[in-house]
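Q: When you get a sec, could you give me coordinates for this:
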Amino acid sequence: MGLKMELDRISSLPDDVTEKILARLPLKEAVRTSILSRKWRYKSDMLQDLVFDKNCVSTLSHPTFSFVNIVDHVLLLHKGPICKFKLSFRGKLATSDIDRWIFHLSRNPVIKEMILDNFEGDIYNIPSCLFSFQDIVHLELYRCLLNPPFIFKGFGSLKSLDIWSVTLAQDMFENLIGCSPLLEILKLQGCDGFTNLKIDAPKLRFICITGIYVEFNLVDSSNLVDASFDLQVIVDQRGNCSSFGNLLKFFDHQLPHIRRLTIKRNFLKYLSIGALPEKLPQPCQYLKFLSLDMSFDNPDEISTVLCLLRSSPSLQELKILVDPEKDHAAVGEVESCLYDNYNCAYTQLRLVEITKISGVKAQLDFIESLLLSSPLLERMTVQPASVDGSFKLVKDLLLFRRDSKLAEIMVLDP
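A: Coordinates of the predicted model:
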């Protein structure tokens, strides 16, 4: 014909480039690339990351039926190793379908990331074959029942565990954590079946816990740098805590290298029980970020917060969410614990954010003490709880003296 055929640029792409392209596409779109050319026809059958979520469903009239067919079809035609398997469908899936898929995956021993989000239907009972995935690095489960076989000795390669609304027995929990020696990230949210949190994970670097427990023990937290605690602690009628310590006990030889710390209201309430020192015996030398939920009408909670601030010489960023006032402490008690704070110095504090304030005297005194004690402060952001009194709040804040010449005060809309 005298004319050379133009080179098919898509077909001539190197294999490593096509793999990267497919890995960045939703699974449905990746499968559709099989029509691009003969070379691309079976490329999607060798994907190492399989993500089955709402983006896979194209039949709106029967989404569940379509979703099940898609998973079956992809797994049936798949060739080669599977490194990641994510099942996240906001619809009711039959237990038999999920069992079939996990059993199929058990023939593929190199899975490193497993995510099962069971949004609707009954709590899903994880089959025993899943516990044979010894190469798994990240495990994420939602609304499941964990009942490992007797011979289960943990996941030797597991580094990240995220379980939400998962049920498992006390001994199984301790075995799961204690026999995962490489665990670095742990997230527990609303789990049940166990009430004592004994966490023995020497390599743990991040922890986030939400739930109701009666005992909490970090056996080895020397590597922990980021922690979030939203624990509701069972307290008896005398105000003592079952098997829990107070602020001193909790920080005694724990969290020595913590850099980011989030404490929600229920856990702060627990920490405020018992004797409260002016400073911790061992300061949080590396703590740079502190987020707190607190009430300004509880003198014990205020004293607890002030103790943490005084014990954090490297603190750079402070965030406080003010809870609605329920208790009405004597004004004199609140003023007394704040008065001592005017002599403290937060030499590294640069950013402060306080939200949902009502403008009561205790809150304003606390803000003033921060402004007077933070020579490097750059910005304080304040958000009122409502429009009522917000103009007076702005007026009061602008009158406060500041130790830092660069400090600016921003007031957000409620």
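Q: how many other residues sit next to the nearest residue to L349 once chain neighbours are set aside?
A: Closest residue to L349 apart from its sequence neighbours, by CB to CB, 6 or more residues apart in numbering: S374 at 4.4 Å. All C-beta spots, glycine's among them, are computed from the backbone N, C-alpha and C. For S374, the neighbour count with other CB atoms under 10 Å is 25.
Q: same check, this time on Q348
A: Neighbourhood size, Q348 [other CB under 10 Å]: 16.
Q: so who does the residue nearest to L349 touch?
A: 345-347, 349-350, 352, 403-404, 407 (CB atoms under 8 Å, 6 or more residues apart in numbering).
Q: what do you get for F131?
A: Here F131 is in contact with 148-149, 152 (CB under 8 Å, 6+ apart).
Q: now the closest residue to R143 other than its chain neighbours: how far from I163?
A: Distances taken as CB to CB, 6+ apart place N118 nearest to R143, at 4.3 Å, with adjacent residues excluded. According to CB to CB, to the nearest Å, N118 stands 12 Å off from I163.
Q: picking up where we left off before, where's the residue nearest to L349 relative to L287, distance?
A: Separation of S374 from L287 (CB to CB): 15 Å.
Q: State the mean pLDDT of stretch 260-267.
A: For stretch 260-267, the mean per-residue pLDDT is 93.
Q: With stretch 316-335 instead?
A: For stretch 316-335, mean pLDDT is 69.
Q: do stretch 347-367 as well
A: Mean pLDDT, stretch 347-367: 92.
Q: on that earlier part again, which of the contacts of S374 are buried?
A: Neighbour-count burial (16 or more other CB atoms under 10 Å) applied to the contacts of S374 gives 346, 349-350, 352, 404, 407.
Q: and the most centrally placed residue in the chain, what element?
A: The centre of the chain sits closest to C208, judged by CA atoms, centre = their mean, with a distance of 4.9 Å. C208 is part of strand 206-213, with elements assigned from DSSP states H and E.
Q: Can you list the strands that that strand pairs with?
A: Strand 206-213 pairs in its sheet with strand 185-189 (parallel), strand 226-233 (parallel), by DSSP bridges.
Q: Enumerate the positions of the last one that are buried.
A: The one in question is strand 226-233. By neighbour count with 16+ other CB under 10 Å, strand 226-233 contains the buried residues 226-231, 233.
Q: Just name the closest of the contacts of S374 to S311, please.
A: Taking CB to CB as the measure, S311 lies nearest Y346 of the contacts of S374, at 11.2 Å.
Q: now that closest one: how far from D297?
A: Distance from Y346 to D297, counting by CB to CB: 23 Å.
Q: give me every residue that touches K392.
A: G359.
Q: coming back round to it: list the residues that are in contact with both of N118 and I163.
A: With CB under 8 Å, 6+ apart, N118 and I163 have common neighbours 141-142, 144.
Q: so of the residues you listed, which ones are in strands?
A: Members of these lying in strands (criterion: DSSP state E): 141-142, 144.
Q: Could I get those residues in JSON lines, plus columns for distance to D97 and pLDDT?
A: Formatted as JSON lines, these follow (distance: CB to CB, whole Å; pLDDT from 0 to 100):
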{"residue": "L141", "distance to D97": "17", "pLDDT": "96"}
{"residue": "Y142", "distance to D97": "17", "pLDDT": "96"}
{"residue": "C144", "distance to D97": "15", "pLDDT": "95"}
